[in-house]
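Peer 1: Just to be clear, the model below is a prediction. Sequence and coordinates:
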Amino acid sequence: MALTASTPLRTALIGVALSATVLVPLQSTAFAAQTATAGAATTGTGPSVAGIEDGTARALAKSLADEAWKRQLGAAASGGDAVDLRALTEGTRTAAGRGLASPVAEADRAVAAAKGLPSDVGSLLRVSLVAPAAKTGAGHAAPLVAAAPSDDDGTAFTAYDSRGTAHVLHTDEAPDRPLYLVDVDGAKAVSAGLEVVGEALAAKGLDVPAPASEVNAGPAKASSSAAAATAGIDTTLIDSVRIADVKEPGIKGDAEIFTLVTGFGKDGKPRVDTVEMPYLNKAATTYYPNQVLVNWSNYKYGMADAVMMEDDGDTDYRALAKAVVTVLLTITDQGVYIPLADAVLDAVPTSWWTDDPDYVDSWYTLAKSTKGTRNGAAANGWINVSPYFVPQL
């Protein structure tokens, strides 16, 4: 069923602790075959992002049998930040690293295709070092490599060692060896993905800006100098925001949040504005972004809805755009404001709520005059907003 504001929320973020308890021997296969077979069952049309990440993780793990390459990877990731995997493999002089360069580039292109992103988006796959054992020098044990888990409720996932052996890692105990995670640069993917959504909306006239003549230009009888001083746009500003559960497995790191603002445009058609929120990446943390959420000059009525979501890995932005556009084109302006948040949520295929753009929360009927704290409909967060006039330069 489609998820709405009344659907029960998922459980809280999983912890970052892990354990390696089960060993399962794997047969050695070619990198491309691993990637394709791992994801084919998920999408039915090609490898999924999760499958591509898993194939990449397995290949990277096996390459770490090369001591020089293992040291280079360790040094690159030791600072705690995620490392661009394509840049690292293309820049290394080690044999094992160079051998991964072409497959990693191919995997990057496959990720872009699976996520509905343009082929020129650039490198997306990255690798990061996690787990306490890795940072305290616990041992010189051989590291494990895993695809970053995307299931919020999962209690275990699979990592690989340099022999191609799979280790099932659990979420309630810490491992005794370093662990690398392979995942997608979420911030880059969201930014590129929302451009795809915007282009699809524009193609159907669902994000047409207000005519210049309809933008607030001050009192009609004001002098030209006074009118110029008061020209500008009315907006709603996010003064602060807090989310209880960002819908991202704790071991995976930062969340990638974005919001779809919906309402009726000046032309009477439903419209959607996309809002990136790269700062909102931790649960139970209050942020003070002073970010514009709604530009009221683009809306016919003084009300709009906001649907907050999180990119959980396999988000196909081209499919998301198509689904949202399709449902919004069936809605007509009845001369009164109609909430569109449920229409947006209902447009998302049921399967996407498993690993893809997680529903975080939604806010109905935000008014042009709304001020103060508004709790989300799903009780997963709140936003503190205020009207804000942006003067014309």
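Peer 2: Right, received. Where do you want to start? All values reported here derive from a predicted model rather than from experimental measurement.
Peer 1: Could I get the full set of helices for this structure?
Peer 2: 31-43, 49-63, 67-77, 85-91, 95-114, 132-136, 186-203, 224-230, 317-328, 341-347, 352-355 (DSSP state H).
Peer 1: Pull the longest one out as CSV, backbone CA atoms only.
Peer 2: Listed next in CSV are the C-alpha coordinates belonging to helix 95-114 (Å, rounded to 0.1, in the frame of the first residue of the first chain):
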residue,chain,number,x,y,z
ALA,A,95,48.7,-3.2,-9.6
ALA,A,96,45.5,-4.2,-7.7
GLY,A,97,44.3,-0.6,-7.5
ARG,A,98,44.8,0.0,-11.2
GLY,A,99,43.0,-3.3,-12.0
LEU,A,100,39.9,-1.8,-10.3
ALA,A,101,39.9,1.5,-12.1
SER,A,102,38.0,0.3,-15.2
PRO,A,103,35.4,-1.8,-13.3
VAL,A,104,34.8,1.0,-10.8
ALA,A,105,34.2,3.5,-13.6
GLU,A,106,31.8,1.0,-15.2
ALA,A,107,30.1,0.6,-11.8
ASP,A,108,29.8,4.4,-11.5
ARG,A,109,28.0,4.6,-14.8
ALA,A,110,25.7,1.7,-13.8
VAL,A,111,24.8,3.5,-10.6
ALA,A,112,24.0,6.7,-12.5
ALA,A,113,21.7,4.7,-14.8
ALA,A,114,20.0,2.9,-12.0
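Peer 1: Could you pull out the buried residues of that helix?
Peer 2: Residues 96-97, 99-101, 103-105, 107-114 are the ones in helix 95-114 that count as buried (16 or more other C-beta atoms under 10 Å). Using the backbone N, CA and C atoms, a C-beta is placed for each residue, glycine as well.
Peer 1: tell me the centre residue of this protein?
Peer 2: Geometric centre of the chain, nearest residue: Asp311, 2.6 Å, by C-alpha atoms, centre = their mean.
Peer 1: Is it correct that that residue is in contact with Val246?
Peer 2: No - using C-beta atoms under 8 Å, Asp311 makes no contact with Val246, being 11.0 Å away.
Peer 1: before we move on, back to that, and Val385, which of the helices of the chain is closest to it?
Peer 2: Across these, Val385 has its closest neighbour in helix 341-347 (16.0 Å, C-beta to C-beta).
Peer 1: Just the CA trace of that closest one, in CSV.
Peer 2: Output of helix 341-347 as CSV, limited to C-alpha atoms (Å, rounded to 0.1, in the frame of the first residue of the first chain):
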residue,chain,number,x,y,z
ALA,A,341,1.0,15.9,-0.1
ASP,A,342,-1.0,12.7,-0.2
ALA,A,343,-1.1,12.7,-4.0
VAL,A,344,2.7,12.9,-4.0
LEU,A,345,3.1,10.1,-1.5
ASP,A,346,0.5,7.9,-3.3
ALA,A,347,2.5,8.4,-6.6
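Peer 1: helices or strands up against that helix?
Peer 2: Contact here means 3 or more C-beta pairs under 8 Å, 6 or more residues apart in numbering; DSSP states H and E; on that basis helix 341-347 packs against strand 257-264, strand 303-310, helix 317-328, strand 358-367.
Peer 1: May I see the buried residues of the second one?
Peer 2: Looking back up the chat, that one is strand 303-310. 303-310.
Peer 1: quick check: angle from it to helix 317-328?
Peer 2: 150 degrees (axes from the mean of the first three to the mean of the last three C-alpha atoms, to 10 degrees).
Peer 1: helices or strands next to strand 303-310 in the packing?
Peer 2: Looks like strand 303-310 contacts strand 257-264, strand 291-295, helix 341-347, strand 358-367 (3+ C-beta pairs under 8 Å, 6+ apart).
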